[in-house]
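Q: Show me how the following folds:
(3 chains)
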Amino acid sequence: MDAKHTDFFKDVFDVVRLIPKGRVTSYGAIANYLGTKKSSRIVGYAMNKAHTDGTIPAHRVVNRKGVLSGKNHFATPNRMQELLENEGILVKDNSIQNFEQVFWDPSIELKL
DNA sequence: ACGCTGACGTAAC
DNA sequence: AGTTACGCCAGCG
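A: The predicted structure is shown next:
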């Protein structure tokens, strides 16, 4: 197949779209699911480009610590936390409190 | 055309 | 246990 714009981005978008409401995942988890855990940075970068797609719930993607690393990239830094709280996710100081409870790992939920 | 930066993560010191 | 360095790949100056 002609992998043009790096199926990586497309793959990331697909996984992020599959994140259920009230759940979050980490860049590394997605990268790990894609088999490129070292490219976790690229996952985050894909999120940046996700803005071009417009259908990617990037607010459901946080870093390994459950911190809203990319909140600064949203329309407003407060937007990401608001969206998460809107889904029932507790966020304090840009960090997800019940991170382990709302953590959604594609490698586990989508594992084959 | 070339190089730095960047929504991360892990290893090493 | 905290900090520094590196790897990854693509977008942008």
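
Q: need the contact list for the residue in chain A that DNA strand B sits nearest to.
A: Residue nearest to DNA strand B within chain A (CB to the nearest atom of the strand): A:G70, separated by 1.3 Å. The C-beta positions use only the backbone N, C-alpha and C, and glycine is treated the same way. A:G70 is in contact with A:44, A:47-48, A:58, A:61-62, A:80, counting by CB atoms under 8 Å, 6 or more residues apart in numbering.

Q: Tell me where chain A has strands.
A: Ranges of strands within chain A are A:25-26, A:61-62, A:91-92, A:95-96, based on DSSP state E.

Q: Tell me which of those strands sits nearest to DNA strand C.
A: strand A:25-26 (12.9 Å).

Q: Rounded mean pLDDT for that closest one, please.
A: The average pLDDT within strand A:25-26 is 96.

Q: Mind pulling up the pLDDT for the most centrally placed residue in chain A?
A: Geometric centre of chain A, nearest residue: A:V61, 2.2 Å, by CA atoms, centre = their mean. A:V61 is assigned 96 on the pLDDT scale.

Q: Tell me which residues touch the nearest residue to A:I96 once chain neighbours are set aside, please.
A: Spatial nearest neighbour of A:I96, chain neighbours left out: A:G66 (3.9 Å); criterion: CB to CB, 6 or more residues apart in numbering. By CB under 8 Å, 6+ apart, the residues touching A:G66 are A:24, A:26, A:95-96, A:99, A:103.
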